[in-house]
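A.B. asks: Give me the fold of what follows.
(one chain, ligands or ions: 2)
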Amino acid sequence: MKRTRVLVTGGAGFLGSHLCDRLLLEGNDVICLDNLFTGSKDNIRHLLDNPYFEFIRHDITQPVYVECDQIYNLACPASPVQYQKDPIYTAKTSVYGALNTLGLAKRTGSKILQASTSEVYGDPQCNPQPETYRGCVSTTGPRACYDEGKRAAETLFFDYHRQHKADIKVVRIFNTYGPRMDTADGRVVSNFIVQALRGEDITVYGDGSQTRSFCYVDDLIDALVKMMNSRDGFTGPVNIGNPGEFSIRQLAEMVLSMTGAKSGIIYKQLPADDPVQRKPDITLAQKELGWKPSVKLENGLKKTIEYFKGVL
Ligand code: NAD
Ligand code: UDP
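C.D. replies: Ligands and ions are numbered 1, 2, ... in the order given. The predicted model follows:
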């Protein structure tokens, strides 16, 4: 049997490592490319002895020459804390990363999936957000390196599709959480769980009334694979996320009650341009991919808390 050769950029990160697991389980030959900027070898250590798994330490801002049939382009820091550490590099990763992976797709004839983001909607003026919403994004604020980088990447994907007939698939991922998030990642779910398990106060930014919709990693990975295998000509962009909407204060209270922590909640300044609301309209994903998330926040949090108990 000829195995499909799949390149996963950002494969040693949170989502990328789960995707590598899933692709290997399905009998693919997986090439994981990562520069370990936010990812870790610990996320893929269990795969290093698998003959159908290869790790390449490489920076996607530089061209890459491998032979493959499919590409999942996930390389990019995703947490505001991480992507704002070196914003120019974040923009380069998105834009040069898109150019380099699209160039590779063009040469090899690979199908290519881009991990875009709900951040392309910025601080949205409508709720939930359908794919047709064009967004409300600051071009100059501290989140712009990521938001505008991802928007430019989407543009490049669609231009390669129109100009070179590249076989593209674009997904807009909404907040996703689960095991293997880095303890120092800075995103809200990992921060709250780590703080609660360490008996530290939970840091809510602003008054905690801003909302997010949280998707468990297993649901997300199902959707990525379904999108890669979706019908010819379906390019997306398609929203992938869990439409359950929670305020950040609600999340803090859930984590406190589920961990049994005695921590208090402290309120800190809301970061600039922090979106007030976010909730995916997943009608298109349901129709085209036959996908909807199945893991409730409470159940996903339970698994994530168990994971962090094991690594702290
Ligand atoms: P992550 O930070 O855990 O993973 C990103 C991976 O990319 C890391 O392993 C990192 O080392 C690698 N990387 C970063 N810059 C690189 C470069 N220049 N060259 C090679 N590798 C590089 O984050 P994640 O949550 O797993 O996100 C994966 C992808 O999904 C990202 O593109 C992100 O924008 C997108 N996404 C994630 C979410 C989410 O909630 N998790 C939401 C929207 C979009
Ligand atoms: N947040 C918070 N406390 C934290 C980390 C984040 O209150 O310790 C808030 C943040 O201001 C935002 C939401 O939680 O409103 C989600 O933040 P995250 O960094 O996870 O992702 P975002 O959706 O903002 O990209």
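A.B. asks: Assumed residue 66 was part of a strand.
C.D. replies: No - counting by DSSP: H, G, I helix; E, B strand; the rest coil, residue 66 is not found in a strand; it is coil.
A.B. asks: Now for it, how many residues are close by?
C.D. replies: Residue 66: 15 surrounding residues under other C-beta atoms under 10 Å. The way it works is simple: take the backbone N, C-alpha and C, and place the C-beta from them, glycine included.
A.B. asks: and it, what does it touch?
C.D. replies: 7, 31, 33, 56, 104 (C-beta atoms under 8 Å, 6 or more residues apart in numbering).
A.B. asks: Walking through the protein, point out its helices one by one.
C.D. replies: Taking DSSP state H as the criterion, the chain carries its helices at 14-25, 80-83, 87-108, 144-164, 188-197, 217-228, 248-259, 283-289, 297-311.
A.B. asks: Figure out how far the shortest one is from the centre of its chain.
C.D. replies: In terms of C-alpha atoms, centre = their mean, to the nearest Å, the gap separating the centre of helix 80-83 from the centre of its chain is 13 Å.
A.B. asks: Can you get me a residue count around the closest residue to residue 76 other than its chain neighbours?
C.D. replies: Closest residue in space to residue 76, ignoring its immediate chain neighbours: residue 93 at 5.0 Å, by C-beta to C-beta, 6 or more residues apart in numbering. Around residue 93 there are 26 other residues, counting by other C-beta under 10 Å.
A.B. asks: Around ligand 1, which positions in the stretch 101-250 of the chain sit nearby?
C.D. replies: Contact residues (C-beta under 6 Å from any ligand atom) of the stretch 101-250 of the chain with ligand 1: 115, 117, 173, 175-176.
A.B. asks: switch to 8 Å and redo it
C.D. replies: For the stretch 101-250 of the chain, the contact set with ligand 1 under C-beta under 8 Å from any ligand atom comprises 115-119, 146, 150, 172-177, 180-182, 185, 187, 215, 220.
A.B. asks: Among the contacts of residue 66, which one sits closest to ligand 2?
C.D. replies: Nearest to ligand 2 out of those is residue 33 (C-beta to the nearest ligand atom; 24.0 Å).
A.B. asks: and the gap between the closest one and residue 44?
C.D. replies: Distance from residue 33 to residue 44, counting by C-beta to C-beta, to the nearest Å: 11 Å.
A.B. asks: where do the contact lists of these two overlap?
C.D. replies: Both residue 33 and residue 44 are in contact with residue 11, where contact means C-beta under 8 Å, 6+ apart.
A.B. asks: Can you tell me, leaving aside adjacent residues, what's nearest to residue 56?
C.D. replies: Nearest residue to residue 56 in three dimensions, chain neighbours excluded: residue 33, at 4.7 Å (C-beta to C-beta, 6+ apart).
A.B. asks: Just give me the neighbour total for the one you found.
C.D. replies: Using other C-beta under 10 Å, residue 33 has 25 neighbouring residues.
A.B. asks: what sits against it?
C.D. replies: Applying C-beta under 8 Å, 6+ apart, we find residue 33 in contact with 7-11, 56, 58, 60, 64, 66, 75.
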